[in-house]
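How does the following fold in three dimensions:
(2 chains)
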There are 2 protein chains.
Amino acid sequence: MFKRETRVLGIDDGPYDKNSSNKSILVGTLFRGGKWLDGVLKTEIHIDGMDANSKIQEMITKSRHYDQVQFVFLDGITFAGFNIVDIKKLHKAIGIPTIVVSRRYPNFDEIKNAIKNLSYSKKRWKKIKSAGTPVEVNTVQDENNKPVYIQFCGLKKSDAIKITKMTSTRSRIPEPIRAAHLISTGIVEGDSYGNA
Amino acid sequence: MFKRETRVLGIDDGPYDKNSSNKSILVGTLFRGGKWLDGVLKTEIHIDGMDANSKIQEMITKSRHYDQVQFVFLDGITFAGFNIVDIKKLHKAIGIPTIVVSRRYPNFDEIKNAIKNLSYSKKRWKKIKSAGTPVEVNTVQDENNKPVYIQFCGLKKSDAIKITKMTSTRSRIPEPIRAAHLISTGIVEGDSYGNA
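Numbering: from 1, shown residues only, chains lettered A, B, ... in the order given. Next up is the predicted model:
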């Protein structure tokens, strides 16, 4: 099993305004288990761009924390609009098991429709499909709480479920994602919002 | 006594480069006790400027978290070079007990010398003196660990010591300050460093 102090990185994007910039920030938070913040990373990606993979890869591999990271969590598979992560390619590039966490079951028809007028729509769609079928996980032992849905690469399904549950210590999503959301919104807007 | 989930805000500045900007970011983190991150605030102040008080006041009072904050921790009394906080004035403006935490006993001769060639040097010196005599606090029960030094306003010395100890859960400084440091350096440099 996993040690309680397993180092996990959570990544989320910030809010953006297409009228003022063509980029959005991505924030990574390194946590020991679901417990405490150990490091913060930042990069920028283009809105509706194609650079999410290369920028995330660079942010992680160039970090002084790189050799400590044992699992990477992504807050969904699309950042900054439809800048989509190819998780198989990311996993291969960084050598770290990667788990995508979504609060709702992805609406694939909606995504397909949304990207059809963007450049590289076929490439984008391929990345979406390559992430695999989302798996329902009940992270919180409370019948009123909703589940999350995970897609993963580089680890067994049972391990992906275990590490997702283990790190969801304060809400139904892994703590590094919750913190990355608070930081990215707080830094961009001046004040954070939501529970992530 | 204080509840374990007392909401505390910690404030630290980010690294800055005088050649590329005349401002530095200030990051505020809201924690429940020394435990977990509940919100993130951000503002900007001028390097060696005089706007630390007004900007911190605005960041706190305009935040949606304002009515929850029970204590404010500052990582030292000078931000962005010698943009100095008048903690008595800040406490009066925000109505929240305020505690300055320093890792070393402030070298007042050095500070006096450093600000003498800046504008408003007398005003700056007055703010430094107005914070009062630093009080040594041993936050960690380990004889190898160094103490911290606190200055405070709006609460009793014994309470200032208690809340400083209570929130120093992961290092010898209060957790909201440690996290604010990681976030401010990570956001500015792309990767955080130090243990705060």
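
Get me the contact residues on chain A for chain B.
Contact residues, chain A versus chain B (CB under 8 Å from any CB of the partner chain): A:27, A:36-43, A:59, A:62-65, A:170, A:175, A:178-179, A:182-183, A:185-187, A:190-193. Where you see a C-beta, it was placed from the backbone N, CA and C, and this is true even at glycine.

Poorly predicted segments of chain A, please.
A:1-4, A:143, A:194-196 (pLDDT under 70).

Run through the strands of it in chain order.
With DSSP state E applied, chain A shows strands at A:7-13, A:23-32, A:36-46, A:71-75, A:78-79, A:83-84, A:98-102, A:135-137, A:148-153, listed in chain order.

List the buried residues of stretch A:60-70.
A:60, A:63, A:65-66, A:69 (16 or more other CB atoms under 10 Å in any protein chain shown).

Could you point out which of the strands of chain A sits nearest residue A:122?
Closest approach to residue A:122 among the strands of chain A is made by strand A:83-84 (11.9 Å; CB to CB).

Return the list of helices and strands in contact with the closest one.
Strand A:83-84 sits against helix A:121-130, with contacts defined as 3 or more CB pairs under 8 Å, 6 or more residues apart in numbering or on different chains; DSSP states H and E.

Tell me which residues are up against the helix it packs on.
A:50, A:77, A:82, A:84-88, A:106, A:108, A:111-112, A:115, A:118 (CB atoms under 8 Å, 6 or more residues apart in numbering or on different chains).

Identify the residue nearest the geometric centre of chain A.
residue A:74 (1.1 Å; CA atoms, centre = their mean).

quick one, what contacts that residue?
So residue A:74 contacts A:10-11, A:85, A:87, A:98-101, A:177 (CB under 8 Å, 6+ apart).

Output the longest helix along chain A as PDB - backbone C-alpha positions only.
Taking DSSP state H as the criterion, chain A has its longest helix at helix A:175-189. Taking C-alpha atoms only, helix A:175-189 is exported to PDB below (Å, rounded to 0.1, in the frame of the first residue of the first chain):
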ATOM      1  CA  GLU A 175      -6.400  17.800  -1.500                       C
ATOM      2  CA  PRO A 176      -3.700  18.900  -4.000                       C
ATOM      3  CA  ILE A 177      -6.300  19.700  -6.600                       C
ATOM      4  CA  ARG A 178      -8.500  21.600  -4.100                       C
ATOM      5  CA  ALA A 179      -5.400  23.700  -3.000                       C
ATOM      6  CA  ALA A 180      -4.300  24.300  -6.700                       C
ATOM      7  CA  HIS A 181      -7.800  25.600  -7.400                       C
ATOM      8  CA  LEU A 182      -7.700  28.000  -4.400                       C
ATOM      9  CA  ILE A 183      -4.300  29.300  -5.300                       C
ATOM     10  CA  SER A 184      -4.900  29.700  -9.100                       C
ATOM     11  CA  THR A 185      -8.200  31.600  -8.500                       C
ATOM     12  CA  GLY A 186      -6.700  33.700  -5.600                       C
ATOM     13  CA  ILE A 187      -3.700  34.700  -7.600                       C
ATOM     14  CA  VAL A 188      -5.600  35.700 -10.700                       C
ATOM     15  CA  GLU A 189      -8.600  37.300  -9.000                       C
END
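
Alright, that wraps it up for me.
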